[in-house]
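Visitor: build me a model:
(chains A and B)
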2 protein chains.
Amino acid sequence: MSQTTSSSMTCPTPTINSGEISLSHGEGGRVMRQLIRDRIAAKLSDVQSSSDAASLGTLTGEIAITTDSFVVSPLFFPGGDIGSLAVHGTVNDLAMAGAKPLFLTLSLILEEGLPLGMLDRIIDSIANAAANCDVKIVAGDTKVVPKGAADGIFINTTGVGIHETPHRMSGTSIRSGDVLIVSGPVAQHGLAVLAARESIAFDPPPVSDSAPLQRVASELAHCLGPDLRTMRDATRGGVAAVLHEWAEETGLAMRIEQSRVPMTAESEGVCELLGLDPLMVANEGTFVACVATDRAAEAMEILAAHSLRGAPSVIGEVVQRQMSPVLISRGLGGDQPLDEPIHAMLPRIC
Amino acid sequence: MSQTTSSSMTCPTPTINSGEISLSHGEGGRVMRQLIRDRIAAKLSDVQSSSDAASLGTLTGEIAITTDSFVVSPLFFPGGDIGSLAVHGTVNDLAMAGAKPLFLTLSLILEEGLPLGMLDRIIDSIANAAANCDVKIVAGDTKVVPKGAADGIFINTTGVGIHETPHRMSGTSIRSGDVLIVSGPVAQHGLAVLAARESIAFDPPPVSDSAPLQRVASELAHCLGPDLRTMRDATRGGVAAVLHEWAEETGLAMRIEQSRVPMTAESEGVCELLGLDPLMVANEGTFVACVATDRAAEAMEILAAHSLRGAPSVIGEVVQRQMSPVLISRGLGGDQPLDEPIHAMLPRIC
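Guide: Sure, this is the predicted structure:
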């Protein structure tokens, strides 16, 4: 509790349940300032807690920006939590665009009744992830809504970075003959969140691939230049959504082989059991790169050197469009169309 | 509905209630892409809808950034809505820091069941407000949570601007003898939202002061230079919260006269009826400026020329601290301490 001031005689500090978020924590007064100063800004040393806007100084180069809100349920899952996810997700969006992530803003929507201990764990996780990604959290905002108007905590992070190379990655750079590479085993994030949410006991439990990608992305961009056509982290909608977006942007077709899609035996088993197509399940540290065919070996070497969880794989190539935008060979002879993810398979995955 | 593709034989497009947000709108697949492309990005022409990050090009000067999430209830109120509020609020945070607002990001958390017509109205309002503020919305994100996990729509905007003058405004520039100016009638936003939420019928109903402040802020900063010590929009916690923050930053005392606080007769009546202190009620277009005493007349002229709703007023001055950080003369002889807002008077006001 704050020290007594002369004004507290006329308006005593109310007794607030010290273990939970209350509406007072969002009201702009002393209780909110204390929450932000003591439990949030204190752990995120670059936040200028009392200012309306933070200064980033001058930045040399072309600036990139991206924004993402995180609503994952449950808040904690094997391999991560909403805090680390909110850092990695935004850092990765910058990295995939070929930019070096530098700064994040952090905006919290808290539900009344959220245990303060849970908030502390999430803020610690944000601080650790930001330090690990070498990004500074420079500005923030905190809102509180009454119990039932949100679900625990929602987090928005907005990221600012600088493009490091002159080449701008884009789906429109993709050419027929380019190869499609997946950076590591797919589907782990979606399965980890699903298993945690539904309390499905797998042994071993699926673990999220949530991880920052800026180092591997930067090395790929510097080494390959324009031969790295584009990259995309395979989040909501999974690898299939990335391939469909590229097919739509280019008018070409993406053709992959199922046997080459990297996957752990555990993830494969869980997908079979639950009737999920692993190509449509979300990832948070696994990405697809489209690379000129004669640089594929080099790209694979870089990816393998950075891989923490399993080998990358060339899963297919870009071909002229006949009929379907995305084709998959399932080893049964001939290609089949791979559906675009359409409807709600796994809500609140990120 | 999208055109039929060959893949739709194996996975038909589900029938989605075309009048409401469904979980499918957040899943990263075709339904989400259509929503973003047709209902959001189409109205916000600067959003690069298919990219992970947007490019801002190079920016000359010192960059400012701010972030804010908006959870106001109800979504529509006299004088504004959550969309215009989300633009003005972030634009104003940049303006109050002395920066020219240039870019916004826009992140939406939608509750399943939100009527699409309501989303359309909000997006239209965002587009209009952004055009009026001369800021570009450059990047976005859309998440959907199941019914009951949010309340209609929450919006995050993050703003990027450029400092236009070398002087950096800060509470630490405040000196004893400086004057405190309020830009116009106080308490209107909080009362408008409260009356709309609780369906209290006042005649005339209170109207929010939600408005962009970058033009008046820029003129003040350019004309007064370092004699404009600092500015702060009096949002959550109202004018009282601003004065308490400045008192804490400086160790000085802020002394104001109640009779000089500008207010409409209607707002005064509503506050009396509801037992609210108008100095603690939120504003969204009204700000406090601290100015060197010999420049007060000039500041008042600039404020009056920009005022749309009512005259600005010198409400008091900065004095050496005796005991209380903020003092108010209520015309009863002598000063009284003005409490710092502490607890939840009006939740979900912005």
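Visitor: near chain B, which residues of the stretch 101-250 of chain A show up?
Guide: When proximity is defined by CB under 8 Å from any CB of the partner chain, the stretch 101-250 of chain A lies next to chain B at A:103, A:105-109, A:138-141, A:143-146, A:148-151, A:154, A:156, A:158-161, A:163, A:168, A:170-171, A:232-233, A:235-238, A:241, A:244-245, A:249. To be clear about C-beta, it is placed using only N, CA and C from the backbone, and glycine gets the same treatment.
Visitor: buried among the residues you listed? Make that a ChimeraX selection.
Guide: The buried subset of these, as determined by 16 or more other CB atoms under 10 Å in any protein chain shown, is captured in ChimeraX by this line:
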select /A:103,105,106,107,108,109,138,139,140,141,143,144,145,146,149,150,151,154,156,158,159,160,161,163,168,170,171,232,233,235,236,237,238,241,244,245,249
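Visitor: let's see which of the residues of the stretch 101-250 of chain A next to chain B end up in strands.
Guide: A:103, A:105-109, A:138-141, A:143-145, A:154, A:156, A:158-161, A:163, A:232-233 (DSSP state E).
Visitor: so A:Ala196 sits in a helix?
Guide: Yes - under DSSP: H, G, I helix; E, B strand; the rest coil, A:Ala196 falls within a helix.
Visitor: measure it to B:Asp233 for me?
Guide: 41 Å (CB to CB, to the nearest Å).
Visitor: A:Leu104 now?
Guide: 24 Å.
Visitor: equivalent analysis for A:Glu268, please.
Guide: Counting by CB to CB - A:Glu268 and B:Asp233 are separated by 55 Å.
Visitor: can you check A:Val91 too?
Guide: 31 Å.
Visitor: now do A:Leu106
Guide: The value you get for A:Leu106 to B:Asp233, if CB to CB is used, is 21 Å.
Visitor: how does chain A divide into domains?
Guide: A:20-163, A:171-337 (automatic domain parsing).
Visitor: which of those is buried the deepest?
Guide: Per residue and on average, the most neighbours among the domains of chain A fall to domain A:20-163, with a mean of 22 (mean count of other CB atoms under 10 Å in any protein chain shown).
Visitor: quick check, pLDDT for the residue of the stretch 201-350 of chain A found nearest chain B.
Guide: The stretch 201-350 of chain A approaches chain B most closely through A:Arg236 (2.6 Å), counting by CB to the nearest CB. We have a pLDDT of 90 for A:Arg236.
Visitor: and what of A:Leu228?
Guide: Per-residue pLDDT puts A:Leu228 at 97.
Visitor: sorry, back to before: could you find the closest non-adjacent residue to the residue of the stretch 201-350 of chain A closest to chain B?
Guide: B:Gly28 (2.6 Å; CB to CB, 6 or more residues apart in numbering or on different chains).
Visitor: ok, A:Gly61 next?
Guide: Nearest one to A:Gly61, counting by CB to CB, 6+ apart, is A:Ile162 at 4.2 Å.
Visitor: what's near enough to touch that neighbour?
Guide: A:59-64, A:99-100, A:102 (CB atoms under 8 Å, 6 or more residues apart in numbering or on different chains).
Visitor: how about the helices of the stretch 201-350 of chain A, start to end?
Guide: A:214-224, A:238-250, A:265-274, A:296-306 (DSSP state H, counting those that start in this stretch).
Visitor: of those helices, which is nearest A:Arg175?
Guide: Checking the helices of the stretch 201-350 of chain A against A:Arg175 by CB to CB gives helix A:238-250 as the closest, at 8.5 Å.
Visitor: nearest residue to the middle of chain A?
Guide: Centroid check for chain A by CA atoms, centre = their mean gives A:Gly89 as the closest residue, at 2.1 Å.
Visitor: quick check, A:Pro226 in contact with A:Ser173.
Guide: Yes - using CB atoms under 8 Å, A:Pro226 is in contact with A:Ser173, at 6.9 Å.
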